[in-house]
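> requesting a structural model of the entry that follows:
(one chain, ligands or ions: 2)
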Amino acid sequence: MSVERGLERRFNKGLTNVLTADERIKTGIPGLDPLIQGGLHTGDVVLLVGGIGSGKTTFSCQFVYNSAEYNDEPAVYATFEEDADSLRKNMLRYGMDLKKLEQKGKIKLIDLQVLEGSGLGANIESVIAALDEVKSKRLVIDSLTAFLSGATEKFDYTFLMHLIYKTLKRENITTLMTVSKFSDAALGIEEFIADGIFQMDNYISNQMEMRTRFIIKKLRGTEHSRSYHTVAFTDKGLQILPWSA
Ligand SMILES: Nc1ncnc2c1ncn2[C@@H]1O[C@H](COP(=O)(O)OP(=O)(O)OP(=O)(O)O)[C@@H](O)[C@H]1O
Ligand SMILES: [Mg+2]
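Ligands and ions are numbered 1, 2, ... in the order given. Predicted coordinates:
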């Protein structure tokens, strides 16, 4: 059996196919939902692209936390960059108590550092098992770059991105995947495949301060803002504000 076929089987295993009517999911990130007609479509696969320290992890955690805490919707957070403990600690500083929601079975945090070296198939299985365990239809992968770098197998990157996308889509799993961007160059196939691309960048303002800006580069089926917005980091996490230079 080819590596691709094997991955396909592993990725499909254990998932139940429950399609729901087209509906919108509020992200709950202050300032964002009004820019995207009230929220994401269920089943949207969105890339959150950004430079180092631009707020990708904070944004993704808010999505998962709001879902579990305020909408009673369980969510899975796969952290491949920070280990789970430092993530819990960092998010607690914003008042997001992930541990409490994990204990209630509302959030499943998976820390794939422990699986390092065991290959992409194992990473995929862990994500699927976590989604099943808490019966979740919401997923964060932080980051896609690190997730794919777990691959010890040789595989066709384009095939793999299509497979991941198709599976998440079929299962109606609303997914946010962070991608670290180091330059202005286009990313690759994932930009074409994803339903949405949100981008956050740090920049130096005229006052010589580092600021962060946010833009929605695409979101299929949605009339969305096309302007830059200012990102403010508060004691409750980040929020999207009208542009102020
Ligand atoms: N408690 C806090 N209050 C205010 N701002 C904070 C707080 N904690 C972190 N920040 C800001 O958020 C930035 C990083 O956020 P985050 O970790 O979400 O970014 P990231 O894009 O995931 O970073 P990385 O590239 O390291 O993965 C920090 O560099 C800091 O400026
Ligand atoms: Mg991060």
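> per-residue pLDDT, the residue in the chain that ligand 2 sits nearest to?
Closest contact between the chain and ligand 2, by C-beta to the ion, is at residue 57 (3.2 Å). To be clear about C-beta, it is placed using only N, CA and C from the backbone, and glycine gets the same treatment. Note on residue 57: pLDDT of 98.
> quick check: it touching residue 142?
Yes: contact criterion C-beta atoms under 8 Å: residue 57 and residue 142 qualify, at 5.7 Å.
> how close does residue 55 sit to residue 156?
32 Å (C-beta to C-beta, to the nearest Å).
> where do the helices sit along the chain?
For the chain, the helices defined by DSSP state H occupy 3-12, 56-70, 84-92, 98-103, 120-133, 144-149, 157-170, 189-193.
> list the buried ones in the fifth one?
Within helix 120-133, the residues scored as buried using 16 or more other C-beta atoms under 10 Å are 120-128, 130-131.
> now stretch 74-83: buried residues?
In terms of neighbour count (16+ other C-beta under 10 Å), stretch 74-83 has its buried residues at 74-82.
> do the same with stretch 35-45
Buried residues in stretch 35-45, counted by 16+ other C-beta under 10 Å: 35-36, 39-45.
> any chance of JSON lines for these, columns distance to ligand 2 and pLDDT?
Converted to JSON lines, those look like this (distance: C-beta to the ion, whole Å; pLDDT from 0 to 100):
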{"residue": "35", "distance to ligand 2": "22", "pLDDT": "98"}
{"residue": "36", "distance to ligand 2": "22", "pLDDT": "98"}
{"residue": "39", "distance to ligand 2": "23", "pLDDT": "97"}
{"residue": "40", "distance to ligand 2": "20", "pLDDT": "97"}
{"residue": "41", "distance to ligand 2": "25", "pLDDT": "96"}
{"residue": "42", "distance to ligand 2": "25", "pLDDT": "94"}
{"residue": "43", "distance to ligand 2": "24", "pLDDT": "94"}
{"residue": "44", "distance to ligand 2": "21", "pLDDT": "96"}
{"residue": "45", "distance to ligand 2": "19", "pLDDT": "96"}
